[in-house]
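Colleague: Predicted model, plus sequence, below.
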Amino acid sequence: MFLNLKFFKFCVIVLINALFSARSFDNCLNAFIDVAMIFTSATRKIEGNRTMKTPKFLNVIVAATFMLVTSTIAAFAVPATATTGVNVRSGPGTGFGIVDTLHAGEAVNVTECQGGWCYVEKSGPDGWVSGNYLQAAAATPAAPAPSSAANDAAAAAAINVFGTIAGAVIGNIITPPVVPTPQVCFFNGPNYSGASFCVDAGTDNTLLAGFWNDRISSVTVPAGSTATVCRNPVYGGACRTYNADRANLHMIVNNQVSSFQTF
């Protein structure tokens with residue numbers, strides 16, 4: 001198990017957005033202090049053992065990150081955007097059903113995060129999205145609530161402490177680059193245009209319901225994956241199999257797909 005730095009950075013950006021929009025600066029300050037203590041403990045462990053890479057140690061850092069995020073954004077919706085086409089699921093994991101899809105650049109509001117997944121609110125069905133495919137929108141600081149100069153100075157000091165400790169911890173951990181799970185993506189228009197949705201390898205859809213029935217015109221297939229599309233439900237009728245991107249489906253299945261499988 002390795003720390004997902006991409007998601008960690010996303011959480012930190014979300015935290016800063018929440019801090020600027022928080023009604024209570026004291027609550028944010030308390031959260032910073034709690035996490036600073038955890039990170040200080042983790043840093044001491046690193047200093048004592050430079051080769052330490054155990055899952056238990058990394059879990060401490062992940063837990064600290066989520067304590068900080070959840071304690072500050074529990075009552076706030078933080079704006080974010082999807083970095084690519086991605087599924088919206090009914091729960092935090094690939095084992096939950098798909099309720100909708102996000103398009104690249106689509107704006108959402110993040111209300112909570114857990115286990116690398118974030119709950120998003122948007123136009124259409126709300127649900128859970130992998131944090132790897134979200135990026136926090138630029139913060140627009142709201143006018144701060146009246147507070148004493150001492151509170152403001154203490155909060156600024158806590159922010160500096162958190163930044164220093166988090167930087168030291170990240171600098172001492174060697175992690176491989178995070179590679180998103182490849183997904184097969186289907187598009188309503190030719191040349192990968194129009195509405196889209198993406199699925200993991202091993203997905204079976206015996207009947208495309210609603211908008212997507214007879215509405216697929218192109219597909220992207222990552223290396224090592226395969227997609228089979230069929231005219232009729234339950235993989236019946238004429239079918240075509242693709243193991244690479246196809247900008248225009250074969251005319252026998254173009255805008256005629258009613259079921260598909262990915263491998």
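Modeller: Arrived safely, thanks for sending.
Colleague: Sticking with V184, tell me its helix or strand.
Modeller: Using DSSP states H and E, V184 maps to strand 183-189.
Colleague: same thing with L207?
Modeller: Judged by DSSP H and E, L207 forms part of no helix or strand.
Colleague: Which residues are in contact with the closest residue to it other than its chain neighbours?
Modeller: Distance criterion C-beta to C-beta, 6 or more residues apart in numbering; nearest residue to L207, sequence neighbours excluded, is P233 at 4.4 Å. Placement of C-beta: from N, CA and C, glycine included. Residues in contact with P233 (C-beta atoms under 8 Å, 6 or more residues apart in numbering) are T206, L207, S258, S259.
Colleague: how about JSON lines for the residues you listed, with distance to A137 added?
Modeller: Below are the contacts of P233 laid out as JSON lines (distance: C-beta to C-beta, whole Å):
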{"residue": "T206", "distance to A137": "38"}
{"residue": "L207", "distance to A137": "37"}
{"residue": "S258", "distance to A137": "38"}
{"residue": "S259", "distance to A137": "37"}
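Colleague: And the furthest pair within those?
Modeller: T206 and S258 (8.9 Å; C-beta to C-beta).
Colleague: quick one, which of the two is more surrounded?
Modeller: A count of neighbours by other C-beta atoms under 10 Å puts S258 above the other of T206 and S258, at 23 against 13.
Colleague: correct me, but that one touches C239?
Modeller: No: in this structure S258 lies outside contact range of C239 using C-beta atoms under 8 Å: 10.5 Å.
Colleague: quick one: common contacting residues for these two?
Modeller: C230, R231.
Colleague: Strands along the stretch 151-263 of the chain, start to end?
Modeller: 183-189, 193-200, 204-205, 218-220, 227-232, 236-242, 259-262 (DSSP state E, counting those that start in this stretch).
Colleague: among the ones you listed, which is nearest V86?
Modeller: strand 193-200 (6.2 Å).
Colleague: and the strands of the stretch 151-263 of the chain as TSV, adding distance to V78, mean pLDDT and mean neighbour count?
Modeller: Shown next, in TSV, are those (distance: least, C-beta to C-beta, whole Å; pLDDT from 0 to 100; neighbours: other C-beta atoms under 10 Å):
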stretch	distance to V78	mean pLDDT	mean neighbour count
strand 183-189	25	95	21
strand 193-200	24	94	18
strand 204-205	32	94	16
strand 218-220	30	96	22
strand 227-232	35	96	20
strand 236-242	38	95	15
strand 259-262	32	96	21
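Colleague: Could you export those as CSV, including distance to C118?
Modeller: CSV is the format used below for the strands of the stretch 151-263 of the chain (distance: least, C-beta to C-beta, whole Å):
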stretch, distance to C118
strand 183-189, 18
strand 193-200, 17
strand 204-205, 25
strand 218-220, 24
strand 227-232, 27
strand 236-242, 31
strand 259-262, 24
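Colleague: what's the closest of those strands to G115?
Modeller: strand 193-200 (16.9 Å).
Colleague: Quick check: beta-bridge partners of L134?
Modeller: A82 (DSSP bridges).
Colleague: give the contact list for it.
Modeller: F10, A80, T81, A82, T83, V108, V110, C118, V120.
Colleague: just curious, which of those is nearest to N213?
Modeller: Using C-beta to C-beta as the measure, the one of the contacts of L134 that approaches N213 most closely is A82, at 24.2 Å.
Colleague: For the closest one, grab the count of nearby residues.
Modeller: 21.
Colleague: quick one: low-confidence parts of the stretch 1-150 of the chain?
Modeller: 1-76, 138-150 (pLDDT under 70).
Colleague: Name all residues that make contact with the closest residue to Q261 other than its chain neighbours.
Modeller: Distance criterion C-beta to C-beta, 6+ apart; nearest residue to Q261, sequence neighbours excluded, is T228 at 4.8 Å. Taking C-beta under 8 Å, 6+ apart, we find T228 in contact with Y235, C239, R240, T241, Y242, F260, Q261, T262, F263.
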